[in-house]
Every structure is written in C-alpha cells, then in structure tokens.
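Trainee: the amino acid sequence is not available; the structure is as follows:
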C-alpha cells in the first residue's frame, strides 16, 4: 500500500518527489523487514523537486502492537 500526504503540497509536487526519490525508497525497502512504513521528505528548498533532486527517506520504527483486554 502506498499513501502520499503533504502539508498543503500540490499533488504534482508529491508525485515528482516520489519519482525522484524512488531509487532511495527501493534501496531502503530492500534493507528493512516488512511491513515497513517509510517517510519520504521533499528536498529543501522545495523548488528542487522540479529540478529532479531526490528527497530523503527514513524508516519509521513500528513498535509492538497494543494488546487490549
């Protein structure tokens, strides 16, 4: 599953960043155990997205699920 979100970022900017950053995302996904949640950040300044600069990727650590009852 893939979910893209951004603080008031236009869809075109999110899509461009995903395409630019895909090699880094694929490399990280090869290194982590599934399931994985990966945060993808846009480069700074944001205008670099449209110049082809990739963002950075960071895995989110998934803790133990909460047990109820």
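Mentor: Perfect, I can see it now. It should be emphasised that the depicted structure is a prediction, and the values quoted were computed from it without experimental measurement.

Trainee: which SS class is the most centrally placed residue in the chain?
Mentor: Residue closest to the mean C-alpha point of the chain, counted by Cα atoms, centre = their mean, is residue 40 at 2.2 Å. Under DSSP: H, G, I helix; E, B strand; the rest coil, the three-state class of residue 40 is strand.

Trainee: surely it meets residue 19?
Mentor: No. Look at residue 40 against residue 19 with Cβ atoms under 8 Å: they stay out of range, at 11.0 Å. All C-beta atoms are positioned from the backbone trio N, CA, C, and that covers glycine.

Trainee: please enumerate the helices of the protein.
Mentor: 11-31 (DSSP state H).

Trainee: pLDDT weak spots in it?
Mentor: Along the chain, the model assigns pLDDT under 70 to residues 63-66, 69.

Trainee: gap between the residue nearest to the centre of the chain and residue 68?
Mentor: According to Cβ to Cβ, to the nearest Å, residue 40 and residue 68 sit 31 Å apart.

Trainee: now do the contacts for the residue nearest to the centre of the chain.
Mentor: Neighbouring residues of residue 40 by Cβ atoms under 8 Å, 6 or more residues apart in numbering: 17, 18, 21, 25, 55, 56, 57.

Trainee: mind redoing it with 7 Å?
Mentor: Applying Cβ atoms under 7 Å, 6 or more residues apart in numbering to residue 40 gives the contacts 17, 18, 21, 25, 55, 57.

Trainee: any idea how far residue 2 is from residue 41?
Mentor: Distance check for residue 2 against residue 41: by Cβ to Cβ, it reads 16 Å.

Trainee: which of the contacts of residue 40 tops the neighbour count?
Mentor: Most neighbours among the contacts of residue 40, by other Cβ atoms under 10 Å: residue 17, with 24 neighbours.

Trainee: that concludes my questions; thank you for your assistance.
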